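Generate coordinates for the sequence data below:
(chains A, B, C, D, E and F)
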Protein chains: 4
Amino acid sequence: MAQTRSGPVRSEVARRSILSAAAEIFAERGYDHLTIEGIAARAGVGKQTIYRWWPSKSDIVAECLLERALLPEQLALPDTGDIRHDLTAWLRSIATVVDSDSGQPLMRSLIAAATENADIGRRLRDSLADADSLAARLRAAAGTEPHLRPDTPYVELAEALVGALVLRVLSRSPLDDAVVDRLVTAIVGPARS
Amino acid sequence: MAQTRSGPVRSEVARRSILSAAAEIFAERGYDHLTIEGIAARAGVGKQTIYRWWPSKSDIVAECLLERALLPEQLALPDTGDIRHDLTAWLRSIATVVDSDSGQPLMRSLIAAATENADIGRRLRDSLADADSLAARLRAAAGTEPHLRPDTPYVELAEALVGALVLRVLSRSPLDDAVVDRLVTAIVGPARS
Amino acid sequence: MAQTRSGPVRSEVARRSILSAAAEIFAERGYDHLTIEGIAARAGVGKQTIYRWWPSKSDIVAECLLERALLPEQLALPDTGDIRHDLTAWLRSIATVVDSDSGQPLMRSLIAAATENADIGRRLRDSLADADSLAARLRAAAGTEPHLRPDTPYVELAEALVGALVLRVLSRSPLDDAVVDRLVTAIVGPARS
Amino acid sequence: MAQTRSGPVRSEVARRSILSAAAEIFAERGYDHLTIEGIAARAGVGKQTIYRWWPSKSDIVAECLLERALLPEQLALPDTGDIRHDLTAWLRSIATVVDSDSGQPLMRSLIAAATENADIGRRLRDSLADADSLAARLRAAAGTEPHLRPDTPYVELAEALVGALVLRVLSRSPLDDAVVDRLVTAIVGPARS
DNA sequence: CAGTAAGCGAGACGGTACGTCCTGTCTTGGT
DNA sequence: ACCAAGACAGGACGTACCGTCTCGCTTACTG
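All right, here's what the predicted structure looks like:
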């Protein structure tokens, strides 16, 4: 049986204050204006309490993502049975988030954080394109879409779609409806006439 | 007639020293260890000379990219006529660069720089997927690959491929041969039996 | 001929602000509440400007002493020709300073600073017992005081007197008139009947 | 009748570990590198155990002095009947301690501690010049030394001698044989021809 | 001989200050 | 006018300690 040390235990209050403060500052001012001192001040916490539990600010951001404190929730891929329609709707809802005044910097901040922290990178990929949603839907559509076949590498295809979004964020290209349509076409093939 | 200003003009020597110094430090230590003071010191230049001509360090990096001082050159898409073979070869040569010890951090640094500077983001996209190479080759292959049709949105397809690479870099996923094959399949369709 | 470097020169304004701020805080709160950050804040100066010119806070205090920013001025040994009377008057004026509410901590702070910085120690000794005043007066009195002879080691005798003061400060013993008289007697011998 | 509390009494083991650890660190690294956390760690003791029994680190040092854990023992004033010889021998033995590599910092550390704690100051004075040794010997010599008379204020004279030592430590002046001789002469008068 | 209250080790906590690094602006003297 | 050099005010870094506060344990007195 494991020997547990005695003494005080990690303060859940402090932990949550830190994550909330970090998420707030991140959303308000972006990743590179997110500082340990700022988090500590807003959370009402000593810096050491942060350094005790997280090795770097990117790890705090990663934990914020885990706690769903950073990204809006309405990004789930809908399921009407029509993959083309669902993808279009999903990309458009993403577009409204990403192309908003606050969304662009937020996404860029997330990508910046991902360059320092692999977990954030993976979460960025998975939270959009995880096996249970995007790739799975693509596989499920193999029967109805001639462009998609049973041996299509769905995971890579999903990744490519998400990657296209990332690239548009990085190049500040707008994600308007025409682009959404072309992206859907590029991935699932042209619409049947 | 306009009064032309007197005094010396911009020193080309200083400009090139600065870009070289920046490129070296960037390659050696990454974007976030790249500092104005470090550049000035290595370039043997006053800080003011840097601030006089560039508004931020990301703009210096952007100009380094323009001068081809940062990225290796062998990334041109080959052209044997076989799009599938060419893409595979191209991706593998990218993989050797990107999966090397120095390549991973360098790519992540570039992405980090892109989050601060739209030009870098665009250049990242275009230098890999510009209209004259990747997208053009995809369009040209429309005749031979059944998966690619005249109305396929090549630009977005090319972007998706590059985006997939970016996403793999961010998530530190290796880019081995099997992944390359699947990516090619995802983009240009399954190989004909 | 010496090659002088170009570039900006040390700011006299900053230097004086720092010394004033340090002297104020020292007088108000004592040596161990004197912090580099506190000095910088009150002086309206960056910390680096302090560290650029002084290796430690004790050196700032030493320079304050040099600039006569710390100790009151009325401590000069009077000269009426009567060494016994002059010493008594001088010690009493020191006593009023040292035994005041602010004087005790101030002297202790100076001693604390002296433990970190030999210059302060020497200045503490000399500013009270330097060759031109105390020791010189003792020597000059050799003719009139039987206790003092030409071969009396005046410097050490002066040092012993000052040392007695330091020791009283360290032990928080009051320096009342009776003690002053006994000290004078101990140093220059009993009064002639 | 008072309600006597129950529970364990103060741990003598802990008390001694703390004092030993404090004395060791004090001797090795000086008063300002002596920290409560360092003492606790070396003593294998919780910080609270220290704070429970001592209000500040200077009080720990004071108690170390009481337990004779800090100062070497050989500083007793010898007694051969010849006050001049005894004083000289005593001062020289102090000089070998004080002018050694470790002695100088140790004495300065003690003085630093004394600035925070009156007990240490008094002990510094008394442990060298207490009524039963130095002052008493001076009084006893009143018969044989013409410089010393029955009404000489011995206590202050002893204090002055010790103070001279303190001042030399503060100003980092060496305490060589010539200085010792002059100090003795200053205190007990010139040697008889 | 339980109950219970204090001492103990460990160490998390909110803080303060440290000394360093870098930012972007400015000043100086040289070319 | 431009440059190399670098001082300046300021902000953040990551570390060291402070003194207080839990924790779970052991110990010794008390009813």
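
Just give the nearest non-adjacent residue to whichever residue of chain A sits closest to DNA strand E, would you?
Using CB to the nearest atom of the strand, A:G46 is the residue of chain A that sits closest to DNA strand E, at 2.6 Å. Any C-beta I mention is one placed from the backbone N, CA and C, and that applies to glycine too. Distance criterion CB to CB, 6 or more residues apart in numbering or on different chains; nearest residue to A:G46, sequence neighbours excluded, is A:A40 at 6.4 Å.

List the buried residues in the helix or strand encompassing A:I60.
Assessed by DSSP states H and E, A:I60 sits inside helix A:57-66. Using 16 or more other CB atoms under 10 Å in any protein chain shown as the test for burial, helix A:57-66 gives A:57-65.

What helices and strands are in contact with it?
In terms of contacts (3 or more CB pairs under 8 Å, 6 or more residues apart in numbering or on different chains; DSSP states H and E), helix A:57-66 is packed against helix A:12-29, helix A:36-43, helix A:103-116, helix A:118-129.

of all the buried residues of helix A:57-66, which two lie farthest apart?
Largest separation among the buried residues of helix A:57-66 by CB to CB: A:K57 and A:L65, giving 13.0 Å.

Ok, which of the helices and strands packed on helix A:57-66 comes nearest C:A158?
Short answer: helix A:36-43, nearest of the helices and strands packed on helix A:57-66 by CB to CB, at 52.5 Å.

following the closest one, which helix or strand shows up next?
Where DSSP H and E defines the elements, the next helix or strand beyond helix A:36-43 is helix A:47-53.

Pick out the residue nearest the middle of chain A.
A:L124 (3.7 Å; CA atoms, centre = their mean).

which residues touch the residue nearest to it when sequence neighbours are not counted?
Nearest non-adjacent residue to A:L124, counting by CB to CB, 6+ apart: A:A114, 5.4 Å away. Each residue near A:A114 by CB atoms under 8 Å, 6 or more residues apart in numbering or on different chains is listed here: A:120-121, A:124, B:111, B:170-171.

And for A:W54?
Contacts for A:W54 (CB under 8 Å, 6+ apart) come out as A:60, A:63.

now do A:W53
Counting by CB under 8 Å, 6+ apart, A:W53 makes contact with A:10, A:15.

so what pLDDT did it get?
The model reports A:W53 with a pLDDT of 98.

Find the closest residue to chain D in chain A.
Nearest residue of chain A to chain D: A:G7, at 9.1 Å (CB to the nearest CB).

Remind me which helix or strand that residue belongs to.
Under DSSP H and E, no helix or strand contains A:G7.

what number of residues lie near it?
A count of neighbours around A:G7, defined by other CB atoms under 10 Å in any protein chain shown, yields 6.

next one: A:T4
Using other CB under 10 Å, A:T4 has 7 neighbouring residues.

residues in chain A within reach of DNA strand E, list them.
Counting by CB under 7 Å from any atom of the strand, chain A comes close to DNA strand E at A:5-11, A:13-15, A:17, A:44-49, A:52-53.

one more time with 6 Å
A:5-8, A:10-11, A:14, A:44-49, A:52 (CB under 6 Å from any atom of the strand).

of those residues, closest to D:M107?
Of the residues of chain A next to DNA strand E, the one sitting nearest to D:M107 (CB to CB) turns out to be A:Q48, at 35.2 Å.

Just the pLDDT for that closest one.
Per-residue pLDDT puts A:Q48 at 98.

and what of A:Y154?
You'll see A:Y154 listed with a pLDDT of 88.

quick one: secondary structure of A:D151?
coil (DSSP: H, G, I helix; E, B strand; the rest coil).

which residues touch it?
B:185, B:190.

wait, doesn't A:A62 sit right on A:N117?
Yes. Taking contacts as CB atoms under 8 Å, A:A62 lies within contact range of A:N117: 5.4 Å.

Poorly predicted segments of chain A, please.
Where chain A drops to pLDDT under 70, the residues are A:1-3, A:72-74, A:128-132, A:193.

give me the number of residues near the nearest residue to A:S102 once chain neighbours are set aside?
Leaving out its chain neighbours, the residue that sits closest to A:S102 by CB to CB, 6+ apart is A:A27, at 7.2 Å. When neighbours are counted by other CB under 10 Å, A:A27 registers 16.

For A:A27, give me its contacts.
Applying CB under 8 Å, 6+ apart, we find A:A27 in contact with A:70, A:102, A:106.

which among the residues you listed end up buried?
Looks like the contacts of A:A27 have A:70, A:106 buried, using 16+ other CB under 10 Å.

before we move on, back to that, from the residues of chain A next to DNA strand E, which are also near DNA strand F?
Restricting these to those adjacent to DNA strand F (criterion: CB under 6 Å from any atom of the strand) gives A:6-8, A:47-48.

Between which two of those is the distance greatest?
By the measure CB to CB, A:S6 and A:K47 form the most distant pair in these, at 25.8 Å.

Neighbour count: these two, which is higher?
More crowded of A:S6 and A:K47, by other CB under 10 Å: A:K47, with 12 against 5.

Please render the residues of chain A next to DNA strand E as a markdown table that adds distance to A:R182 to the earlier fields.
Output for the residues of chain A next to DNA strand E, formatted as a markdown table (distance: CB to CB, whole Å):
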| residue | distance to A:R182 |
| --- | --- |
| A:R5 | 59 |
| A:S6 | 62 |
| A:G7 | 60 |
| A:P8 | 57 |
| A:R10 | 50 |
| A:S11 | 51 |
| A:A14 | 48 |
| A:G44 | 49 |
| A:V45 | 48 |
| A:G46 | 52 |
| A:K47 | 48 |
| A:Q48 | 51 |
| A:T49 | 49 |
| A:R52 | 49 |
